[in-house]
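>>> Return atomic coordinates for the entry below.
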Amino acid sequence: MRPGNRNLITDVPGLLVGNAQNDRLNSGTTVLTSDSPLTASVSVMGGAPGTRETDLLAPDKSVEAVHALVLSGGSAFGLAAAQGVMDALHEKGKGFSIFSARVPIVPAAILFDLLNGGDKAWGDNPYPALGRQALVSATADFALGTAGAGTGAQTAQHKGGLGSASLVLDDGITVGALVAANPMGSVTTPSGRHFWAAPFELGAEFGGLGVDPSPGIALPPSRKLGAMAAQGNTTIAIVATDAALTKAQCHRVAVAAHDGIARAILPAHSPMDGDLVFAAATGARVLDDPGRQVAMIGHAASLCLSRAIARAIWEAEPRQGDTLPTLRSELG
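A predicted model of the protein is given here:
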């Protein structure tokens, strides 16, 4: 396996990603979309999720595909970003036809970033506009770190962010991950100078810091505000592939991808996190050995997600009013 040309989820042909953020708000939204509907499912393992339209992604539900997936800051307010995306898609004539009606399907997940120093005293909810802006700006190349849904994200010790990574399997199938990392847990080892995800790094995609030479299981103390550490966190992600998967197979890939969160963040899937992974498939590549290939796609998705989480933190940039430092600023 090797990274794709961009080392982004958009190495999966046909996928586009758009970011929109408001620096005064210190929050934003990220949208993944495609010209054609995507087969999709979801796995939720955190204890405090915030979601929209996720029930229909269960394998036994009748909707077979989606038109976009949304990751957003803003806690429950951020779910409104999906409405902005839905409205913009409808204006473009996108959606499932039901007689004279057309309905875009836009599942969404949010993270809690209401205590990160940004100005949250808005009048009208800003997230529908951010969702629309993110969709309109969607391209194959997009920013990581302090961008989109990762704009105001935080980890236990450092600024969080938006991350992405990809892998091309030996049989030519491409797998990618996109994540907004805002966990209760830590992405770095007790020394604060190495990533838990270091064994899975390819090249120096998140700094080449290597594996901690003094391994241990102790967790560094959290720097997050007390209320935030206790109540508001979450790592929300999308993994995607160009393989032709069913909804049930997408669900298995989403479940497997959660291993990537557990490898990159300690602790993971806590009662205070809303950890969630969407899985999407474009259907371009028909599988000739589904049992083996779905297993490998899930494995690759977990590796991509670990790497994407570390990249999110590594690419974070300092902003005026930050309540936590970036990892790079501490490393000097």
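>>> Contact partners for Ala301?
Applying CB atoms under 8 Å, 6 or more residues apart in numbering, one finds that Ala301 lies in contact with Val175, Ala177, Val239, Thr241, Val253, Ala254, Ala256, Ala257, Gly260, Ala279. C-beta: built from backbone N, CA, C; applies to glycine.
>>> one more time with 7 Å, if that's ok
By CB atoms under 7 Å, 6 or more residues apart in numbering, the contact set of Ala301 is Val175, Ala177, Val239, Val253, Ala256, Ala257, Gly260.
>>> repeat for Gly131
If a contact means CB under 7 Å, 6+ apart, then Gly131 has Thr29, Val31, Val70, Ala81, Ala82, Gln83, Gly84, Val85 as its contacts.
>>> buried sites along the helix or strand harbouring the fourth one?
Right, Ala81. Following DSSP states H and E, one finds Ala81 within helix 81-91. For helix 81-91, burial by neighbour count (16 or more other CB atoms under 10 Å) applies to Ala81, Ala82, Gln83, Gly84, Val85, Met86, Asp87, Ala88, Leu89, His90.
>>> For Gln157, state which of those residues is nearest.
Among the buried residues of helix 81-91, Ala81 lies closest to Gln157 (CB to CB), at 27.6 Å.
>>> so that closest one makes contact with Pro126?
No - using CB atoms under 7 Å, Ala81 is not in contact with Pro126; the gap is 9.1 Å.
>>> So which residues of the stretch 151-300 of the chain form helices?
For the stretch 151-300 of the chain, helices defined by DSSP state H, counting those that start in this stretch occupy the ranges 226-231, 247-264, 290-314.
>>> quick one, phi psi at Glu201?
phi -70, psi 140 (degrees, to the nearest 10).
>>> Can you find the helix or strand in the chain with the smallest mean pLDDT?
Least confident element among the helices and strands of the chain, by mean pLDDT, DSSP states H and E: helix 226-231 (a mean of 49).
>>> pull the longest strand from the protein.
Longest strand in the chain, counting residues (DSSP state E): strand 27-44.
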